[in-house]
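Novice: Build me a model:
(one chain, ligands or ions: 2)
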Amino acid sequence: MLKVEEISRKYGELTVVDKLSFSVNQGEFVALLGPSGCGKSTSLKMIAGLETPDAGSIELEGRNITRLSPGERKLAMVFQSYALFPHLKVEDNILFGLQARKVPKGEQKKRLDSVVDLVGLGDHLQKKPGQLSGGQCQRVALARAIVAEAKLCLMDEPLSNLDAKLRNEMRTEIRALQQRLGMSVIYVTHDQVEAMSMADRIVLMNNGKVEQIDVPEALYNNPKTIFTAQFIGSPPMNIIKSGSENLGIRPEHIEISEQGMPATILSCDYHGADTIVLADISGQGEDQKLVKIRYPGHALFASDQNISISWAPQNEHRFPL
Ligand code: ADP
Ligand code: MG
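Specialist: Ligands and ions are numbered 1, 2, ... in the order given. Here you go, the predicted model:
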């Protein structure tokens, strides 16, 4: 339903989005993922019509919308800052767009009733945003996007103001809503866990460019570059220089075993369910070569202890030097 083709944007001499192309299918949840400053928000703003691309085109359902005003695109947006009107009641915040578009009152009421149950705001309609928690404010912003019944909903880091527990709950909630309503969503985030757990497909960006576009499993199992390999998964994939290539192995795929590559323990970082063990695999007289190992449960190794590590060959990744 949406086709972004080679859009670019410069600020002065700096190219912040460089020939970005991707598409969104009807009912699909696509995450735009990448480190802070890689051009995610600028890309989303170009799709929304809040920024104009210097080159490239954007098509919505076969119609070129590259130069249309935001209003003409009929897209819904949810931002990190909830962008609610503090002086308006929750109800009026939700209905603001419909009121502005002069949607008949009966229709407004119908849409309000159905969305209020979905996002659980029934008891709060007469309150002002100042009387709500962060999670409730984000639900109001979400409700406003849903009642708009837009073809495509754009979300820019909508959960980053919430604490970790609420963020987790809202992730599940947004994903469930999106699936129930069959919404098409572009969701911007710098958090790989968020993208991996919510998205049907991920557009991974690096420095204004597409690094890799794939379903979450493929980004994890078949990263095409070291950047992807290390951006997806935590701790990042270990990269070991070996002859003419880089060998990649994830911390969760390394076992501490009877036989294998000799290593020396440097430190153990206990997390509860597992321990991240930092070890040195360099030979005598060589510079340190560090690897991280995700060890299930509580690892009780002394620093300087000598161990052996191994992994299954099918878990090796290879990247050219
Ligand atoms: P992200 O959302 O991935 O963190 P942004 O799209 O916000 O990244 O920004 C990408 C780059 O563009 C950053 O280096 C940022 O400083 C720069 N940038 C964003 N907006 C402007 C602007 N209006 N003027 C100049 N530089 C900008
Ligand atoms: Mg941003």
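Novice: to the chain's geometric centre, what's the distance from the helix or strand where R294 lies?
Specialist: Assigned by DSSP states H and E, R294 belongs to strand 290-296. Relative to its parent chain, strand 290-296 has a centroid offset of 25 Å by Cα atoms, centre = their mean, to the nearest Å.
Novice: Looking at the protein, which helix is longest?
Specialist: As assigned by DSSP state H, the longest helix anywhere in the chain is helix 164-181.
Novice: Just the CA atoms from it would do, formatted as CSV, please.
Specialist: The C-alpha coordinates for helix 164-181 follow below in CSV (Å, rounded to 0.1, in the frame of the first residue of the first chain):
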residue,chain,number,x,y,z
ALA,A,164,10.2,-0.3,31.3
LYS,A,165,7.3,-2.3,32.7
LEU,A,166,4.7,-0.1,31.1
ARG,A,167,6.6,0.0,27.8
ASN,A,168,6.4,-3.8,27.7
GLU,A,169,2.7,-3.8,28.3
MET,A,170,2.0,-1.1,25.7
ARG,A,171,4.1,-3.0,23.1
THR,A,172,1.8,-6.0,23.5
GLU,A,173,-1.2,-3.7,23.5
ILE,A,174,-0.3,-1.8,20.4
ARG,A,175,0.6,-5.0,18.5
ALA,A,176,-2.7,-6.7,19.6
LEU,A,177,-4.7,-3.6,18.5
GLN,A,178,-2.9,-3.3,15.2
GLN,A,179,-3.6,-7.0,14.4
ARG,A,180,-7.2,-6.8,15.6
LEU,A,181,-7.9,-3.7,13.5
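Novice: Would you mind listing the outside residues contacting that helix?
Specialist: Outside helix 164-181, the residues that touch it by Cβ atoms under 8 Å, 6 or more residues apart in numbering are 29, 118-119, 134-135, 138, 142, 146, 153, 155, 158-160, 162, 183, 185, 194, 197-198. In this view, the C-beta of every residue, glycine as well, is placed from N, C-alpha and C.
Novice: Now that helix: buried residues?
Specialist: 166-167, 170-171, 173-175, 177-178, 181 (16 or more other Cβ atoms under 10 Å).
Novice: Show me what the helix or strand just after that helix is packed up against.
Specialist: The first helix or strand that comes after helix 164-181 along the chain, using DSSP H and E, is strand 185-189. Applying 3 or more Cβ pairs under 8 Å, 6 or more residues apart in numbering; DSSP states H and E, one finds that strand 185-189 makes contact with strand 29-33, helix 40-48, strand 153-156, helix 192-198.
Novice: quick one, which of these is packed in tightest?
Specialist: strand 29-33 (a mean of 26; mean count of other Cβ atoms under 10 Å).
Novice: Flag every residue of the protein that's near ligand 1.
Specialist: When proximity is defined as Cβ under 6 Å from any ligand atom, the chain approaches ligand 1 at 11, 16, 34, 36-42.
Novice: hmm, try it at 5 Å
Specialist: Taking Cβ under 5 Å from any ligand atom as the contact definition, the chain meets ligand 1 at 11, 16, 36-42.
Novice: could the residues you listed go into a markdown table alongside pLDDT?
Specialist: Shown next, in a markdown table, are those (pLDDT from 0 to 100):
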| residue | pLDDT |
| --- | --- |
| Y11 | 97 |
| V16 | 98 |
| S36 | 97 |
| G37 | 97 |
| C38 | 98 |
| G39 | 98 |
| K40 | 98 |
| S41 | 97 |
| T42 | 97 |
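Novice: Could you pull out the helices in the protein for me?
Specialist: 40-48, 70-73, 90-100, 105-119, 134-147, 164-181, 192-198, 216-221, 226-231.
Novice: Take these and write them to a markdown table, including distance to E255.
Specialist: What follows is the helices of the chain, written out as a markdown table (distance: least, Cβ to Cβ, whole Å):
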| stretch | distance to E255 |
| --- | --- |
| helix 40-48 | 37 |
| helix 70-73 | 52 |
| helix 90-100 | 53 |
| helix 105-119 | 45 |
| helix 134-147 | 40 |
| helix 164-181 | 30 |
| helix 192-198 | 24 |
| helix 216-221 | 19 |
| helix 226-231 | 20 |
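Novice: Out of those helices, the one nearest P313 is which?
Specialist: P313 sits nearest to helix 216-221 of all these, at 14.6 Å, using Cβ to Cβ.
Novice: neighbouring contacts of that closest one?
Specialist: Contacts of helix 216-221 (Cβ under 8 Å, 6+ apart): 195-197, 199, 202, 204, 212, 228, 232-233.
Novice: which parts of it are buried?
Specialist: 216, 218-220.
Novice: just stretch 12-24 next, same as before
Specialist: Buried-residue list, stretch 12-24, by 16+ other Cβ under 10 Å: 15-18, 20, 22, 24.
Novice: Next: stretch 242-259.
Specialist: 246-254, 256.
Novice: ok, back up a step: tell me which of the helices and strands packed on strand 185-189 lies nearest to K109.
Specialist: Of the helices and strands packed on strand 185-189, nearest to K109 by Cβ to Cβ is strand 153-156, at 21.9 Å.
Novice: separation between the nearest residue to V116 once chain neighbours are set aside and L166?
Specialist: Excluding the flanking residues, the one nearest V116 by Cβ to Cβ, 6 or more residues apart in numbering is G122, at 5.2 Å. G122 is 19 Å from L166, where distance means Cβ to Cβ, to the nearest Å.
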